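Chemist: coords below, sequence missing:
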């Protein structure tokens, strides 16, 4: 069984309250929820928030949501708390919890709360690699453009023959000696990370207890903490692009892209 969890914080430095912004008649969080709910691999979809306004809004349109602590450093940590609420009947409220044991869920997919047009098929692609032996998983797409390849905002990933991540970097790896950098993507298959993370429930518990690692701190990429501590990340190929909304200006940009 796979649970889809959508972390949704109200506070945002660049775009406060963005889960509740209107996008063609529906809030962003409602659009993400409805898209995720169409994924065949998910047994349940839950919004994990730190704000009562988001909680009430999700419940108002018929969605499921839980309140989580406001001080989580990442969506991964918020997913772990929400998973415990869902599986063990725990609900954060005024620092109190209640317990109501339920069957354990095997995998959790962390669905980005700022991708209102995420394809259900992309979620199913990720779900298809979760065979019980996979600890962690994500997705990648080949890079065929020089500017995208050298964009430090894009995390590139190197994989081994089993399509497990060896390393993630904002820089371009590997370096091609004797080749014009503008031609690198024509001589080597580079991948950039897109999409979501999936966690096996026992592994999710363990990685949320790890301290920030030196590689994670250097690159500002959370997944390097997991690799540095010996965990394996399975990378699945996808043809779906990620269209995130990080600023108010991104709304019109994403709408244009989806209309093409």
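Modeler: It's in. Note that this is a predicted model, so its numbers are computed, not measured. Numbers count the residues shown, from 1 in each chain.
Chemist: state which strand of the chain is the longest.
Modeler: strand 191-200 (DSSP state E).
Chemist: and residue 57, which of the three is it?
Modeler: Per DSSP: H, G, I helix; E, B strand; the rest coil, the secondary structure class of residue 57 is helix.
Chemist: any idea how far it is from residue 124?
Modeler: Look at residue 57 and residue 124: by C-beta to C-beta, to the nearest Å, they are 27 Å apart. No exception for glycine: its C-beta is placed from N, CA and C like everyone else's.
Chemist: between these two, tell me which one has more neighbours.
Modeler: Neighbour tally, residue 57 and residue 124, criterion other C-beta atoms under 10 Å: the higher count belongs to residue 57, 20 against 15.
Chemist: next one, pLDDT for the more buried one please.
Modeler: pLDDT for residue 57: 97.
Chemist: contacts only, for the closest residue to residue 38 other than its chain neighbours.
Modeler: Of all residues not flanking residue 38 in the chain, residue 120 sits nearest, at 3.8 Å (C-beta to C-beta, 6 or more residues apart in numbering). Residues near residue 120 by C-beta atoms under 8 Å, 6 or more residues apart in numbering: 35-36, 38-40.
Chemist: what is the burial count for residue 172?
Modeler: Burial of residue 172 is recorded as 20 neighbouring residues (other C-beta under 10 Å).
Chemist: state the distance from it to residue 150.
Modeler: 6 Å.
Chemist: tell me the secondary structure at the closest residue to residue 173 other than its chain neighbours.
Modeler: Closest residue in space to residue 173, ignoring its immediate chain neighbours: residue 158 at 5.8 Å, by C-beta to C-beta, 6+ apart. Counting by three-state DSSP, the backbone at residue 158 sits in strand.
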